[in-house]
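Just to be clear, the model below is a prediction. Sequence and coordinates:
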Amino acid sequence: MSTLAEVITFPVSPLPTFRKRDESMPHAPFRTHGLSQEEKKLALRNALRYFPPNVHEELSQEFAEELNQFGHIYMYRFMPTMELRAYPIDQYPAKSKQGAAIMLMIMNNLDSKVAQFPQELVTYGGNGQVFSNWAQFRLTMKYLSELDEDQTLVMYSGHPCGLFPSSPIAPRLVITNGMMIPKYSTSENYDRLFGLGVTMYGQMTAGSYCYIGPQGIVHGTTLTVLNAGRRYLKLDSLKGIAFLTSGLGGMSGAQAKAATICGCVGIVAEVSYDALKKRFDQGWLLEITDDLDKLMERIREAKAKQESTSIGFHGNIVAIWERLVEEYNNTGELLVELGSDQTSCHCPFSGGYYPVQLTYKEANELLAENPEKFRELVKDSLRRQVLAINALADKGLFFWDYGNAFLLEARRAGADVTKLGDLTGLLFRYPSYVQDIMGDIFSLGFGPFRWICASGKAEDLEKTDKIAVSVLENILSEGLDPSVKQQYEDNLHWIREAGKNNLVVGSQARILYADQRARAAIAIAFNKAIKNKEISDCVIVSRDHHDVSGTDSPFRETSNVYDGSAFTADMAVQNFVGDAIRGATWVALHNGGGVGWGEVMNGGFGLVLDGTAEAEKKADSMLNWDVANGVARRSWSGNNYAKATIQREMERNPRLKVTVPSNVESEDILDKAFSDVHVNGLN
């Protein structure tokens with residue numbers, strides 16, 4: 001029997017031995033559900049329905065205790081005793097390759113080396129759940145082991161609704177997370193409904209089972225820092241430049257690695273020592289200190305020597321920003337030229353952002369005991385942080401919002417971040433990295449393409465890197481538009497160096513920014529290599545939801561959409577449906593992700609390449625659609641880069657016919673039209 005047999009059992013007769021959570025591991029903060037006594041009973045009733053009545057009495061006491069002590073019913077008793085990680089695909093006890101592939105991806109999301117709070121089933125972002133409780137994990141894995149080629153597993157916000165008959169061309173798995181009637185999609189309702197166990201926040205790739213560790217955004221973070229240097233500092237080299245930011249827990253863990261790849265001095269603050277130490281042990285962070293005086297000395301030294309390093313500060317980011325203001329006032333020296341923030345500000349009052357006035361331990365205690373007081377301290381801390389950033393920005397610092405809702409929440413807290421004269425509600429004193437730095441890349445059709453070698457073999461990943469290099473080189477040799485050529489050259493350099501940068505944490509995975517043409521060509525080349533036994537087992541291709549087409553988010557992915565449609569979500573929903581009907585192995589659609597619940601709609605997919613002709617057909621159809629959808633929407637909004645990109649695609653594929661906008665050539669036409677209406681009226 002497979003060594004993984006434990007994860008496909010749903011033990012109730014007898015029940016597993018009672019277990020508490022492991023206090024030596026990092027854990028999620030207390031969840032402030034705000035449930036009444038009657039609602040707590042409902043939450044308990046909801047949890048017990050996974051189990052037969054004869055065990056309800058035994059389980060009810062411990063589930064009630066979890067709700068009182070941790071703010072949520074996680075069902076720790078049902079955690080597997082074995083290590084959760086991405087095992088080679090042939091070790092999973094599953095009827096189908098697709099089912100085994102999804103099991104592999106789920107277990108990678110819950111790997112303790114990958115996940116932020118693995119025992120609370122949180123992969124990243126403070127509250128990015130894979131499941132709401134361990135019963136859901138057990139039941140889902142059981143269903144996936146039984147899944148065949150004409151069934152589809154349906155997931156409702158972590159809950160495995162069941163296996164339903166479908167067809168071989170249908171997705172094997174359809175996921176929705178946090179779907180709400182729009183009027184009720186508020187953060188207060190989320191806390192309550194998560195407490196009841198009836199919805200969850202899947203973040204982006206946590207609840208869609210597509211996370212690949214901090215590597216997942218390291219390419220994008222590297223491009224962002226490099227392009228910020230090029231655009232705002234007018235520098236092609238960042239040697240001797242300092243970049244200050246915060247967060248090392250999940251996706252934000254990529255910042256330290258990106259800084260060293262860019263060649264600058266990276267300083268990253270993190271309040272959790274567990275998170276700091278994890279990135280240090282993994283080699284993603286090179287230095288650690290908790291002394292502000294020593295940090296200032298080290299920044300000066302590293303800048304003077306033009307070192308490429310990453311320094312982790314165990315403490316609050318606000319303390320560094322305020323100290324940098326003091327240093328400037330005392331010496332006239334601007335120690336940091338670039339700045340951002342990657343705290344989990346999509347949930348600032350639930351442990352996503354920690355106030356500077358308290359230690360990490362004190363803050364967690366206050367959050368559990370007095371959430372309103374915690375909320376007020378967070379707001380004050382945000383105001384203090386912005387005050388310091390503003391002071392340094394006036395002296396030459398370039399700061400940007402990294403799409404984590406930092407500026408949005410700071411504005412709500414009363415900080416001075418609003419851009420003067422803005423009537424859209426979308427613009428801040430500082431730009432969004434999408435809006436000002438990465439927006440052109442998305443409009444050109446480039447975004448975070450990913451793949452995972454299901455064999456678990458490093459040599460297979462190395463072969464895929466070489467295949468991707470060959471594909472990019474071939475496309476470049478054919479000649480490209482100058483606006484696209486630069487992207488290809490940057491991405492070709494990235495994938496050539498990827499192996500040297502030691503990016504793998506968890507599954508044997510890779511991230512590569514690529515456009516529509518390159519994604520489809522790379523996937524088809526992988527599939528042929530699998531068919532020819534050059535790659536030993538299947539490859540799973542996916543992407544971050546943070547992409548060209550996957551996400552409608554007015555303060556991040558679609559912040560550079562100016563035709564009034566930034567608050568609509570047709571693109572993300574169409575992408576989810578379009579991927580499903582074009583061959584995706586699984587699809588996901590989420591409310592929330594990155595900037596918060598009710599602020600964004602996003603979706604993703606997974607596609608298993610197994611060397612068959614059918615897999616090649618699916619890759620060609622689905623991956624082309626997956627990018628073209630977003631480029632078409634961005635073109636219609638008036639983005640000229642997107643317009644040129646979709647026109648090139650229509651020339652390349654005559655079957656593609658997209659409605660292209662006719663631009664208004666003169667503002668005078670609009671002014672005159674309303675002036676005439678005002679003077680003469682309408683007939």
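Okay, I see it.

looking at the chain, which helix or strand is least sure?
Every helix and strand in the chain was compared by mean pLDDT, DSSP states H and E; the lowest is helix 667-680, with a mean of 78.

pLDDT (mean, whole number) over stretch 102-121?
Computed over stretch 102-121, the mean pLDDT rounds to 96.

Compute the first-to-last residue distance for that stretch.
Terminal residues of stretch 102-121 lie 16 Å apart, using Cα to Cα, to the nearest Å.

in that stretch, what counts as buried?
102-112, 114-121 (16 or more other Cβ atoms under 10 Å). All C-beta atoms are positioned from the backbone trio N, CA, C, and that covers glycine.

Same check on stretch 609-616?
Buried, per 16+ other Cβ under 10 Å, within stretch 609-616: 609, 610, 611, 615, 616.

Note down every partner strand of the top strand by length along the chain and its orientation.
Longest strand in the chain, counting residues (DSSP state E): strand 601-609. Here strand 601-609 is paired, per DSSP bridges, with strand 539-543 (antiparallel), strand 551-552 (antiparallel), strand 586-591 (antiparallel).

Remind me what the helix or strand following it packs against, helices and strands.
Using DSSP states H and E, the next helix or strand after strand 601-609 towards the C-terminus is helix 613-636. Helix 613-636 sits against helix 439-443, helix 516-531, strand 539-543, helix 570-581, strand 601-609, helix 640-652, with contacts defined as 3 or more Cβ pairs under 8 Å, 6 or more residues apart in numbering; DSSP states H and E.

Just send those back as a markdown table, with mean pLDDT and distance to residue 162 too.
Shown next, in a markdown table, are the helices and strands packed on helix 613-636 (pLDDT from 0 to 100; distance: least, Cβ to Cβ, whole Å):
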| stretch | mean pLDDT | distance to residue 162 |
| --- | --- | --- |
| helix 439-443 | 82 | 37 |
| helix 516-531 | 98 | 31 |
| strand 539-543 | 97 | 24 |
| helix 570-581 | 97 | 18 |
| strand 601-609 | 96 | 20 |
| helix 640-652 | 95 | 39 |
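
Highest mean neighbour count out of these?
strand 601-609 (a mean of 29; mean count of other Cβ atoms under 10 Å).

which residues sit in contact with residue 427?
418, 419 (Cβ atoms under 8 Å, 6 or more residues apart in numbering).

picking that back up, just send the strands paired with strand 601-609 back as a markdown table, with distance to residue 383 too.
Output for those, formatted as a markdown table (distance: least, Cβ to Cβ, whole Å):
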| stretch | distance to residue 383 |
| --- | --- |
| strand 539-543 | 36 |
| strand 551-552 | 29 |
| strand 586-591 | 29 |
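
which SSE is the most centrally placed residue in the chain in?
Centroid-nearest residue in the chain: residue 204, 4.9 Å away (criterion: Cα atoms, centre = their mean). Assigned by DSSP H and E, residue 204 belongs to no helix or strand.

where are the low-confidence patches of this protein?
Within the chain, the stretches with pLDDT under 70 are 1-2, 250-252, 424-426, 435, 439, 676-683.

50 instead, please
Counting by pLDDT under 50, the chain has low-confidence residues at 1, 683.

can you put the helices and strands packed on helix 613-636 in JSON lines and add distance to residue 277?
Formatted as JSON lines, the helices and strands packed on helix 613-636 follow (distance: least, Cβ to Cβ, whole Å):
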{"stretch": "helix 439-443", "distance to residue 277": "33"}
{"stretch": "helix 516-531", "distance to residue 277": "36"}
{"stretch": "strand 539-543", "distance to residue 277": "29"}
{"stretch": "helix 570-581", "distance to residue 277": "36"}
{"stretch": "strand 601-609", "distance to residue 277": "30"}
{"stretch": "helix 640-652", "distance to residue 277": "42"}
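
do you know which of the ones you listed lies nearest residue 334?
Proximity to residue 334 (Cβ to Cβ) singles out helix 439-443 among the helices and strands packed on helix 613-636, at 27.0 Å.

Run through the neighbouring helices and strands of the closest one.
Using 3+ Cβ pairs under 8 Å, 6+ apart, helix 439-443 is in contact with helix 613-636, helix 640-652.

Select, out of those, the one closest to residue 83.
helix 613-636 (30.5 Å).

Need the CA coordinates for that closest one. CSV is fine.
Extracted C-alpha coordinates of helix 613-636, given in CSV (Å, rounded to 0.1, in the frame of the first residue of the first chain):
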residue,chain,number,x,y,z
ALA,A,613,-2.1,14.6,-28.3
GLU,A,614,-5.2,15.7,-26.3
ALA,A,615,-3.0,17.5,-23.8
GLU,A,616,-1.3,19.4,-26.6
LYS,A,617,-4.6,20.5,-28.1
LYS,A,618,-5.8,21.7,-24.7
ALA,A,619,-2.6,23.6,-24.0
ASP,A,620,-2.8,25.4,-27.3
SER,A,621,-6.4,26.4,-27.0
MET,A,622,-6.6,27.2,-23.3
LEU,A,623,-3.3,29.1,-22.9
ASN,A,624,-3.9,31.3,-25.9
TRP,A,625,-7.3,32.2,-24.6
ASP,A,626,-6.1,32.7,-21.1
VAL,A,627,-3.9,35.6,-22.1
ALA,A,628,-5.8,37.0,-25.1
ASN,A,629,-8.9,37.6,-23.0
GLY,A,630,-7.1,40.1,-20.8
VAL,A,631,-5.2,41.8,-23.6
ALA,A,632,-8.5,42.3,-25.4
ARG,A,633,-10.1,43.9,-22.3
ARG,A,634,-7.1,46.2,-21.8
SER,A,635,-7.2,47.1,-25.4
TRP,A,636,-10.9,48.1,-25.2
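
what comes up buried for it?
Quick answer for helix 613-636 (16+ other Cβ under 10 Å): 615-616, 618-636.

ranges for the helices of the stretch 251-400 of the chain?
Ranges of helices in the stretch 251-400 of the chain, per DSSP state H, counting those that start in this stretch, are 254-262, 273-281, 292-304, 317-331, 360-369, 371-393.
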